[in-house]
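Undergrad: Take this sequence and fold it.
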Amino acid sequence: KTNPPPVGRSVRVYADGVFDLFHLGHMRQLEQAKKAFPNTTLVVGVTGDDETHKRKGLTVMSAKERAESVRHCKWVDEVIEDCPWIVTAEFLQANHLDYVAHDDLPYGADEGDDIYQPIKAAGMFLVTQRTEGVSTTGIITRIVRDYEKYISRQFKRGTSRQELNVSWLKKNELDIKRHVQDLRDNIITNWTSTGQELSRELKQFWPSSRPHSPARFNSANSDGLRSPTTPGSNPNNSKEFVTGYALGLVGGVRSWMTKNRRTVASRPVSDDESEESDEAAKSPVSTKAPSLPTPAQA
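TA: Below you'll find the model as predicted:
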């Protein structure tokens, strides 16, 4: 049972949390708390780094960043930084708080199975609803799951491997994968265009297997086409088809290589390449050919 709200003044509602990677689920929960009464002052507590890291693990954002994110939410009136992990009666009284808003799931800790149980027993607990499918854990999981995609994205945006804490081997592995994907895309694109051209050119070589079929007049791209493996077809047609396929494949590779050469020629030398050049210059291996002994020395 929830206590009746005070009359003649604003109702002070308190909501606390970590609020890492401040997202839609947080905003909706704070909106519910703000709209619990017609005249509500929403006070939000943001936990500090030390206790959060000890109890829940590493956060992406610092305590200051998390508090500032909450402060800029339009539903929030006041922010208490480095708030206590467990809400006590003394804390509520010191901050003149009437209610605590949170979802109804038991929130366990070392101190008990549900840290909000005393608040619920005192009739000061307001139940809010969670937004299903949206959470800080879910966001981090999506990033980790597509780790290589996001690393490649950051490389394209100019972030160095040192900033990303990525090894030289890993960076080259990702570069190879990107080149293979570019090559595949170029082959597909080139083969599609080459195949369309071959289709038009080979019409004159492939007589229709059903000259009187009305389908000849319904398809603009397949008029009179016939498989080169059809009995009675000219053997040269099969050779031309294979040649066309090979041209499409080679054309795709050539297109990709040309594009890659232009990219390499136009981009500045990276730190990694500079390091490799310096190492090669410092190599003790001599390129000077050994001198042959003179007859006198022999």
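
Undergrad: make it CA atoms for all contacts and neighbour counts henceforth
TA: OK.

Undergrad: can you map out the strands along the stretch 51-200 of the chain?
TA: 78-83, 99-103, 125-128 (DSSP state E, counting those that start in this stretch).

Undergrad: quick one: contacts of the last one?
TA: Meaning strand 125-128. With contact meaning C-alpha atoms under 8 Å, 6 or more residues apart in numbering, strand 125-128 is reached by T2, Q29, Q32, A33, Y99, V100, A101, H102, D103, D104, Y116, I119.

Undergrad: who wins for neighbours among those residues?
TA: Neighbour counts for the contacts of strand 125-128 (other C-alpha atoms under 10 Å) peak at A33, which has 29 neighbours.

Undergrad: Enumerate every residue touching R28.
TA: T131.

Undergrad: in stretch 126-134, what's buried?
TA: L126, V127, T128, R130 (16 or more other C-alpha atoms under 10 Å).

Undergrad: same thing with stretch 174-182?
TA: L174, D182.

Undergrad: per-residue confidence averaged over it?
TA: Across stretch 174-182, pLDDT averages out at 84.

Undergrad: before we move on, what about stretch 150-160?
TA: Per-residue scores along stretch 150-160 average to 91.

Undergrad: same question, stretch 105-112
TA: pLDDT averaged over stretch 105-112 gives 76.

Undergrad: Likewise for stretch 77-97?
TA: 96.

Undergrad: and it, how far apart are its ends?
TA: End-to-end distance for stretch 77-97, by C-alpha to C-alpha, to the nearest Å: 13 Å.

Undergrad: and of the contacts of strand 125-128, the nearest to F22?
TA: Q29 (11.5 Å; C-alpha to C-alpha).

Undergrad: Please name the bridge partners of the residue lying closest to W85 once chain neighbours are set aside.
TA: Closest residue in space to W85, ignoring its immediate chain neighbours: T47 at 6.7 Å, by C-alpha to C-alpha, 6 or more residues apart in numbering. For T47, the beta-bridge partners under DSSP bridges are C83.

Undergrad: need the contact list for T47.
TA: Counting by C-alpha under 8 Å, 6+ apart, T47 makes contact with D16, G17, V18, A63, E81, D82, C83, P84, W85.

Undergrad: a markdown table for those residues, including distance to S152 and neighbour count?
TA: Converted to a markdown table, the contacts of T47 look like this (distance: C-alpha to C-alpha, whole Å; neighbours: other C-alpha atoms under 10 Å):
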| residue | distance to S152 | neighbour count |
| --- | --- | --- |
| D16 | 37 | 22 |
| G17 | 33 | 17 |
| V18 | 30 | 23 |
| A63 | 29 | 21 |
| E81 | 36 | 17 |
| D82 | 36 | 18 |
| C83 | 38 | 18 |
| P84 | 40 | 16 |
| W85 | 38 | 18 |
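
Undergrad: Counting neighbours, what do you get for the closest residue in space to T41 that isn't next to it in sequence?
TA: Take T41 and drop its neighbours on the chain: the residue closest to it by C-alpha to C-alpha, 6+ apart is R12, 4.8 Å away. Neighbour count for R12, taken as other C-alpha under 10 Å: 23.
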